[in-house]
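> After the sequence you'll find the predicted model.
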Amino acid sequence: MDTVEILMKSLIIGAFVGFGIGAGAARMFHAPNVQGMGAFRTFGELNACEGDPIAHFSFGLGFLFNSWASIVGAGAFTQDVAHRIIPHWAASVLLWRNRNLAETLQDPRKMALVGSLIGMFLIAIMNSTAVAIPASLQLIATKVLVPAANWLINPIMPIVFWMAALDAGKRTGVWGTVLGGLAHMVMSNAVPGIVLGILIGKGVDDSGWNHITRILVVAVVLLFVLSGFFREFDIRMLKEFQMAVPDGLMQIHQIFKAGVN
Amino acid sequence: MESQEEQVNLNSFWYAEWAFPLFTAMLSAGIFAGTHMYYVYHVGAFNEIAIVAMLEVGIKGGSYGAAAAFGASFLFARILEGPLVGILDIGGSLLTGVGIGIPALLLGMGVAAPLESFPLALATGGVIGVIIGTIIVLIRKYTITASNSTFGADIMMGAGNAAGRYLGPLIIISAAMASIPVGIGSTIGAAIFYAWKKPIAGGAILGAMVLGAFFPILTK
């Protein structure tokens, strides 16, 4: 019986995924002192709901229709399940009973446990239903929420982080601006670059150029070089400066994407 | 009083550094098993249709090269970035790296067992997750946490909070551009929520969906 098997497996998968996402999302609120996991956009969107359970619920709901249509149509959940629906609904359930953010959304234990339950519920239902979602509601998500979320990610978040870096002192301003601009070209969003700029700038402000801040800079340079290489920034740059791309360079890239056409 | 409430014991299990590999292991196990579901039942992969399609090319008999290179390079960059900024991006690292890149690498080498068997898929994902989590914690140990600086955490938190406030108006603008009924619904919803002292984003979405259900957006 495929259906029963899918249901059972989905429950297990949902529990695992929900647990990790819940704990990771709550830990994001304690970064960088605690290592979190999720995404900057998830972090921004969780903050955007300002601890209101209805806002969290409807934000997740908005993306649910699109994900559901995608799973029914193509068997793919879309990343929204992990980035948006599970964390927002877990937050919504917790905030329903208690409006204190520190005791709910920012508590990894509660978020992990509730996330686990939400994950089981969501993954099981979504995987085992083939019920079509009303097309009009799918369209709302793609036509309304997706552009709004995209604007939030670019350019709103880069600008807000940029302003914060500029206001935090000369060193963070300079590092944030340089790395932010570079990141927007290399990684297609400035936020990681600006965050790294704040990290380096504040690190040096607080403790000077010691081995930790130096390792940081080396790691950041490495990150940019490798990200650039894998995203073929070097080839794009040469082309856009109207220079010929050396055959050797093309061949090196070819090795890393053997079989891509 | 408030500061006492906000004090969390950073050494307890849920905040501990060593617990991080466990969380990545759980999540990776689930994601990898999700790819198993896709491989066997063609349902349940945790990624965008376009990215899953790259894996599908391989499953259908083509090359796994694209999926492997795409997934692996994302995984690599995010593992390096995660410990530095304090937030591991699960989209690039786990959903794409572990969910698409590593399965494509394995299948490309002719190793199909971890994707055919559910228990083996969970175990493989779990082990990969532990390795990723451990690498991240080790990088942190030698950089961020070895210092007494907060590296501007307060600045980033402030910016994160500030950026979030933009979402409500953005949704209304987007709804207004989508269609007039949806725009009206979104505007009224947001206004009601504001009057109720609730964040306007929720009202904007609900209003857009209610009106959108009655007056669907016209597509060309």
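Thanks, I have it.

> show me what contacts the nearest residue to A:Val81 once chain neighbours are set aside?
Of all residues not flanking A:Val81 in the chain, A:Ser67 sits nearest, at 5.4 Å (Cβ to Cβ, 6 or more residues apart in numbering or on different chains). (Each C-beta comes from the backbone N, C-alpha and C, glycine too.) For A:Ser67, the contacting residues are A:77-78, A:80-81, A:85, A:126, by Cβ atoms under 8 Å, 6 or more residues apart in numbering or on different chains.

> Go through those and name the one nearest B:Tyr38.
Of all the contacts of A:Ser67, the one with the least separation from B:Tyr38 (Cβ to Cβ) is A:Phe77, at 9.4 Å.

> And that closest one, how far from chain B?
5 Å (Cβ to the nearest Cβ, to the nearest Å).

> In contact with the closest residue to that residue other than its chain neighbours, which residues?
For A:Phe77, ignoring the flanking residues on the chain, the nearest one in space by Cβ to Cβ, 6+ apart is B:Phe46 at 5.0 Å. By Cβ under 8 Å, 6+ apart, the residues touching B:Phe46 are A:17, A:76-77, A:79, A:81-82, B:30-31, B:34-35, B:95, B:99.

> so what pLDDT did the residue nearest the centre of chain A get?
With distances taken as Cα atoms, centre = their mean, A:Ala39 lies nearest the centre of chain A, 2.6 Å away. For A:Ala39, the model assigns a pLDDT of 88.

> The closest residue to it other than its chain neighbours pairs with what?
Nearest non-adjacent residue to A:Ala39, counting by Cβ to Cβ, 6+ apart: B:Asp89, 5.1 Å away. Beta-bridge pairing for B:Asp89 (DSSP bridges): A:Gly38.

> how much space between B:Val40 and B:Gly82?
31 Å (Cβ to Cβ, to the nearest Å).

> Show me what counts as buried in the host helix or strand of B:Gly129.
Following DSSP states H and E, one finds B:Gly129 within helix B:118-142. Buried positions in helix B:118-142, judged by neighbour count with 16 or more other Cβ atoms under 10 Å in any protein chain shown: B:118, B:121-122, B:124-126, B:128-130, B:132-133, B:135-137, B:139-140.

> If we check chain A, which of those residues are in contact?
When contact is defined as Cβ under 8 Å from any Cβ of the partner chain, the buried residues of helix B:118-142 meet chain A at B:118, B:122, B:136-137, B:139-140.

> what's the following helix or strand after the helix or strand of chain B with the lowest mean pLDDT?
Lowest by mean pLDDT, DSSP states H and E among the helices and strands of chain B is helix B:2-6, with a mean of 40. For helix B:2-6, the succeeding helix or strand toward the C-terminus, using DSSP H and E, is helix B:20-41.

> mind giving me JSON lines with the ones next to chain A among the buried residues of helix B:118-142 and columns for pLDDT?
As requested, these are arranged in JSON lines below (pLDDT from 0 to 100):
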{"residue": "B:Phe118", "pLDDT": "95"}
{"residue": "B:Leu122", "pLDDT": "95"}
{"residue": "B:Ile136", "pLDDT": "92"}
{"residue": "B:Val137", "pLDDT": "91"}
{"residue": "B:Ile139", "pLDDT": "85"}
{"residue": "B:Arg140", "pLDDT": "84"}
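
> residues in contact with residue 75?
No chain specified, so I'll use chain A. With contacts defined as Cβ under 8 Å, 6+ apart, A:Gly75 is in contact with B:38, B:41-45, B:52.

> hm, I was asking about chain B
Neighbours of B:Leu75 in contact, by Cβ under 8 Å, 6+ apart: B:92-93, B:96-98, B:101-102, B:132.

> which regions of chain B sit below the pLDDT cut-off?
B:1-10, B:144-151, B:153, B:220 (pLDDT under 70).

> And it, what are its domain boundaries?
What automatic domain parsing lists as the domains of chain B is B:2-146, B:165-211.

> Using CSV, lay out those domains together with distance to A:Leu113.
Output for the domains of chain B, formatted as CSV (distance: least, Cβ to Cβ, whole Å):
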stretch, distance to A:Leu113
domain B:2-146, 10
domain B:165-211, 24
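
> Go through the ones you listed and name the closest to A:Val218.
domain B:2-146 (9.9 Å).

> For stretch A:36-49, what is the distance to the chain centroid?
7 Å (Cα atoms, centre = their mean, to the nearest Å).
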